[in-house]
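# Turn this into a structure:
(chains A and B)
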Amino acid sequence: MMGGMQKSLLLHGGVLVVLFALQFVLPAYHHGNLARIMVLASYAMGYNLLFGYTGLLSLGHALFFAAGLYGMGLAMSQFGLSAGIALMVGILLGALVGAVIGALALRTEGVAFMIVTLMFAQAGYLTVLYFGAYTRGDEGFVIAQADRVLLSLDLSDPTVRYFAAFSVFCAVFIMCYLAVQSRFGKVLIAIRENEDRARMLGYDVARYKLAAVVLSASLSALAGASYGLLFGYVGASFASVQYSIFPLLWVLLGGAGTVLGPLIGTLFMFYLIDLSSGITTAYMLIAGVVLVFLTLFAPQGLMGELRRRVWRWLP
Amino acid sequence: MTKSKTVPVTGAQPTRRDALKTLALGGGAAAAMPLWARYAGAKTSEPIKVGFQVHRTGIGAAYGRWYDRTTTAAAALINEQGGINGRPLEIVAEDDGTDPKRGAEVVEKFATQHNCDIGFGTLFSHVVIGSAPRAGELKLPYFVVSEGHHVASGMLNRYTLQPGITDVKSQVQAMAPFVAENLGKKVTMIFPDFAFGHDHRDYFTAAIEAQGGEVLEHIAIPPTETSFTKYFPKIPRDTEVIYHVMVGPAVLTFVKELGEFFGPQRPEMFGFIDSLEAVDIGSPGLEFLDGTYFWEGNPRYAQEDQSEYDAFFRERVGVDANGASVSDPKDVSTYAHMFGCWETLHVVKAGMESAGYRGPQDRAALVEAVEAMTDMPHSNAHPQGAKIFNGKTHQVFGHQYITKVVDGKLLLVHTTSIEDTFYPDEVDYTTQAL
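Sure thing, here's the model as predicted:
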């Protein structure tokens, strides 16, 4: 009989194998979609680390996604850096912004933390517009196809793009899987469950929370930078409040505090909008109704509900 | 269970008379089916599929609604006239939510799921810029109706073309001679503090200086602003002309507060109709605009010397002489822009017929055929006016119209020449590989 750990490894490894194999069987449209979904799910996983595992509800993660996106994009457009170095610049900028915002916003908690992160993200969005001479404001700018080359691989090629997205997803997925089962992850969960108790046990809660913000911001920035590189566009809409709400939605739908939840939530939401927009212009209404039903009947999200009912070993 | 039905088989062979009868009957049937008959000459009756990226939701919804109607009307006309290369035109519409991410996904959907021959119809610049890279990678000819300078600036790619509407750079610079000669040379510009406003700031400032004028003050309004009175004291007292391009729902507040600030003693005013597209110029609060001037891509009100082409276009799209829907006078159109959809579809038809377009394998030939176009005469296909297409920059150039608000209507006072809108090429897309 397999133990929980083995089952968990089998399930999560199986998901990666399936994602890898889908490259060879999916029709072109869904192939492109899945590449997109894997990058966005990486963003959601970064968000989940803070929200699902640490219990910090941020409404400003678009700032970190955009830090990666613009850090990468401006490094290429303004300084002519190569894609690989620009990607690193994006991640580092995300980590730096995460550290600064974390240091300030973590002085608050609960609703105040939500509002402060929201305000910082809004300030970030307006900063993008303000420096329109470099960012092209709301219009954004294109990363030329010829420049989107990493390790001599053309990232605009569908197969390369899929594997690049898969690599990003794998890296974030494995990192999250290991992190939440490590001592560090257990402390984050302890903070989420009872912050005072964790503090009383001798853990430096502030330091752990800041580390969680920085790690979450870095993963979000990695997703943002990857998105820009793979799809060739850097725009202010990705810094708007909408993109702070999306990861929250994806994580809630898929199951906060589960490693697989962000992928399931992103996949579900993507196709819910894609399919319902083909039926009616009121597709957001359909999405809203589905979300209400999910909240009523699966309040812990799809994977959360699965964990509650069937797979209690799910990390 | 269902019963099987046996069809009696006759052993007799068909005679020549029978065959002739059948042919005659077939011919009669074909004549009785006009659509079938019209496409009978084509090698295939498969429709030409045009992926229509439409702003049905989001900030561009008002534009999207009229772009949709215009596109539907143009497609119906083209089909009545025999389609493209004898094949019917089918519009496959997808809502992009006026969002660049969704826009790119929609372009992918056109190319890889709907198997569309081209993508078409996008208006908002950020959606165009977000979608164009994917169109280029998928080698899907992408005909935008955006009026942004992004195509001619060289930012995009060889598969992105704008042959049905002029761009903001040419529009703005063509206004400067009229403003300098008729309204004044000392200008204060009020514009939204994002890319659209910055385009106006940069292009008009240069253009008015070329006319011997100057911009005394640039007043950038943050996009989140809802009240404007605090900005008006920045307007220098010796301002002769206020140039305004505010857009979005706050425009009514902007005009009302500007009117309260100046009272009856105001400088001349010149604005872009983009602010008031789909808005009734007679709306309460807009009285202050009486006697002011506007750029219009196409005059919303039918003018005294209205061309027969404009009359035809209005009738086919369902727009009355006041620029509103014939079925609802309160439903004001986006008349200054929507002709672009009509004209672009006619360019697509001409391009496909010139290229002998058969299917996706001829997409590159279609791009080359459009690049080879130059003069587009004033006609039912180009009801806004004659145009000249620049195949290198993928941008069309045409007449611009200046109207004045008189008794709540926009009356034409000036039409620019096409040459007024020219500027040096900034890109040569034909050097890029197809």
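
# in chain A, what residue is nearest chain B?
Chain B sits closest to A:G232 of chain A, with a gap of 3.3 Å, by CB to the nearest CB. Any C-beta I mention is one placed from the backbone N, CA and C, and that applies to glycine too.

# For A:S156, see how far away that residue is.
For A:G232, the distance to A:S156 (CB to CB, to the nearest Å) stands at 7 Å.

# Quick check: neighbours shared by those two?
With contacts defined as CB atoms under 8 Å, 6 or more residues apart in numbering or on different chains, the residues adjacent to both A:G232 and A:S156 are A:Q145, A:R148, B:P133, B:E137.

# How about B:K185, nearest residue that isn't a chain neighbour?
B:G213 (3.5 Å; CB to CB, 6 or more residues apart in numbering or on different chains).

# pretty sure that neighbour contacts B:A176?
Yes. With contact defined as CB atoms under 8 Å, B:G213 counts as touching B:A176 (7.3 Å).

# what about B:E90, which helix or strand?
strand B:89-95 (DSSP states H and E).

# distance between that strand and the chain's centre?
16 Å (CA atoms, centre = their mean, to the nearest Å).

# Which positions within stretch A:80-92 qualify as buried?
A:L81, A:A83, A:A86, A:L87, A:M88, A:V89, A:G90, A:I91, A:L92 (16 or more other CB atoms under 10 Å in any protein chain shown).

# and that stretch, average pLDDT?
Average pLDDT, stretch A:80-92: 96.

# which other residues reach it?
Contacts of stretch A:80-92 (CB under 8 Å, 6+ apart): A:67-73, A:75-76, A:147-151, A:155, A:218, A:221-222, A:224-226, A:228-229.

# filter these to the buried ones?
A:67-73, A:75-76, A:147-150, A:155, A:218, A:221-222, A:224-226, A:228-229.

# Narrow the contacts of stretch A:80-92 to those in strands?
In strands, defined here by DSSP state E, the members of the contacts of stretch A:80-92 are A:V149, A:L150.

# ranges for the helices of the stretch 201-315 of chain A?
Taking DSSP state H, counting those that start in this stretch, the helices of the stretch 201-315 of chain A run over residues A:205-231, A:242-254, A:261-276, A:283-297, A:301-309.

# Against which helices or strands is the last one packed?
Which is helix A:301-309. Counting contacts by 3 or more CB pairs under 8 Å, 6 or more residues apart in numbering or on different chains; DSSP states H and E, helix A:301-309 packs against helix A:242-254, helix A:261-276.

# how many neighbours does the residue of the stretch 201-350 of chain B at minimum distance from chain A have?
Closest to chain A within the stretch 201-350 of chain B is B:P223: 6.4 Å, counting by CB to the nearest CB. By the criterion of other CB atoms under 10 Å in any protein chain shown, B:P223 has 19 neighbours.

# so who does residue 138 touch?
Just so you know, I chose chain A. Residues in contact with A:D138 (CB under 8 Å, 6+ apart) are A:L129, A:G235, A:A236, A:S237, B:S125, B:H126, B:F194, B:A195, B:F196, B:P223.

# think we crossed wires, I meant chain B
B:L138 neighbours (CB under 8 Å, 6+ apart): B:V107, B:E108, B:A111, B:T112.

# can you check A:S244 too?
Counting by CB under 8 Å, 6+ apart, A:S244 makes contact with A:S58, A:L59, A:G60, A:H61, A:A62, A:L63, A:T117, A:L118, A:A121.
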